[in-house]
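*Asks:* just to be clear, the model below is a prediction. Sequence and coordinates:
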Amino acid sequence: MKILITGGAGFIGSAVIRYIIKNTDHDILNIDKLTYAGNLESLKDVDQNSRYTFQQIDICDAEALKQAFDNFKPNLVMHLAAESHVDRSIDGPAEFITTNIVGTYTLLEVARKYWQNLNKVKKSEFRFHHISTDEVYGDLEGTTDLFTECTSYAPSSPYSASKASSDHLVRAWHRTYGFPVIITNCSNNYGPYHFPEKLIPLVILNALDGKNLPIYGKGNQIRDWLFVEDHARALYKVVTEGTVGETYNIGGHNEKQNIDVVRIICQILDDLKPQANTVPYETLITFVKDRPGHDLRYAIDASKIKNDLGWTPDETFETGIRKTVEWYLNNLEWCRRVQDGSYQRERLGVDV
């Protein structure tokens, strides 16, 4: 098959491409605008493969998208291109509205018109897989409730509101036009090649530099953590085996408070690369004023994807986080290269 992937130079998108190229015989066209978080170095393991092609395209550019569809002739589309950082969405929501809403609309229309012109067989095989987030559901106040595929949407930030809007557009295109879509909503990803503004890589790099590890509020926000390579496997299974019109929640079964995540990272670093003065990295933790509208708890019920498609995560948080810390320690040059002038690791607080 031919699979067109948007946002393939991003954290999750690059993991999906690496997985598909290494484990299947499919051809991939990676479409990415290459914003600050897009990094082609994340694809160095596969970028010389004859089944992989990259084009720098903004998903708001309908003409460029149409040409890409016409030339590549995809069987499947996996839509991951998005602005995804909550703090950035609070500081400047306009880019999130443009990319996540207008961009998704533009891609949907180009893909729908392409699909309508396919022959009967290829038309029946075509799938548009929209990759979203659990943040569209808002937060959970209780300690036992879980997000299901039927949970009402209640986004809290400009980022999650823009993703919720894109989800609604995708469902509307299915109901109105019969366009064959599948949606997935995932919990917090972590793992190799994560952009250093996000919680886990930022804590690792700040700790190694001897800088403060700023935590919002009391650090009691709870997230469900999903190893990115587990997520890549799940996304491929959904796009190839999932049922059109369905939504699948993908979670890691690893709920942790942010403060506990940071402490676990510090303990692993104490073991693998202790500070020269042997002072524990936990001493670098500082608490700062919480950010506006900060959701307290996310937790996913991933029983549907397990029961319907047989997917479960391979990594526990304990195994996945150690692999992640080891990867960053072994790839510090990659980390330094992706940091640019617009990114400041000295910030007031950090969360995913």
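*Replies:* Looks like it arrived, so ask away.
*Asks:* where along the stretch 51-200 of the chain do the helices fall?
*Replies:* 62-72, 86-91, 94-96, 104-116, 120-125, 158-177, 199-208 (DSSP state H, counting those that start in this stretch).
*Asks:* CA-only coordinates of the fourth one in CSV, if you can.
*Replies:* Just to be clear, that refers to helix 104-116. The C-alpha trace of helix 104-116 is given here as CSV (Å, rounded to 0.1, in the frame of the first residue of the first chain):
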residue,chain,number,x,y,z
THR,A,104,-7.5,19.7,8.9
TYR,A,105,-10.4,21.1,6.9
THR,A,106,-8.2,21.7,3.9
LEU,A,107,-6.7,18.2,4.1
LEU,A,108,-10.2,16.6,4.5
GLU,A,109,-11.4,18.4,1.4
VAL,A,110,-8.5,17.5,-0.8
ALA,A,111,-8.6,13.9,0.4
ARG,A,112,-12.4,13.6,0.0
LYS,A,113,-12.2,14.9,-3.7
TYR,A,114,-9.3,12.5,-4.3
TRP,A,115,-11.3,9.6,-2.8
GLN,A,116,-14.4,10.4,-4.8
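*Asks:* what is that helix packed up against?
*Replies:* Contacts defined by 3 or more Cβ pairs under 8 Å, 6 or more residues apart in numbering; DSSP states H and E place helix 104-116 against helix 62-72, strand 76-79, strand 127-133, helix 158-177. In short, each C-beta sits where N, CA and C put it, glycine included.
*Asks:* in it, what's buried?
*Replies:* Residues of helix 104-116 classed as buried by neighbour count (16 or more other Cβ atoms under 10 Å): 104-112, 114-115.
*Asks:* which of the residues you listed sits closest to Ala302?
*Replies:* Nearest to Ala302 out of those is Thr104 (Cβ to Cβ; 23.9 Å).
*Asks:* check contacts around the closest one.
*Replies:* Each residue near Thr104 by Cβ atoms under 8 Å, 6 or more residues apart in numbering is listed here: 59, 79, 130, 166, 169-170.
*Asks:* mind redoing it with 10 Å?
*Replies:* For Thr104, the contact set (Cβ atoms under 10 Å, 6 or more residues apart in numbering) comprises 6, 59-60, 79, 81-82, 130, 132, 162-163, 165-170, 173.
*Asks:* now Ser84
*Replies:* Per Cβ under 10 Å, 6+ apart, neighbours of Ser84: 7, 10-12, 37, 96, 99-100, 133, 135, 159, 162-163, 189, 195, 198, 352.
*Asks:* ditto for Ile321
*Replies:* Taking Cβ under 10 Å, 6+ apart as the criterion, Ile321 is in contact with 190-191, 200, 204, 225, 227, 254, 256, 261, 264-265, 268, 315.
*Asks:* in strands, which of the residues you listed fall?
*Replies:* 190, 225, 227, 256 (DSSP state E).
*Asks:* so the last one sits against Phe317, correct?
*Replies:* Yes. Contact criterion Cβ atoms under 10 Å: Lys256 and Phe317 qualify, at 6.2 Å.
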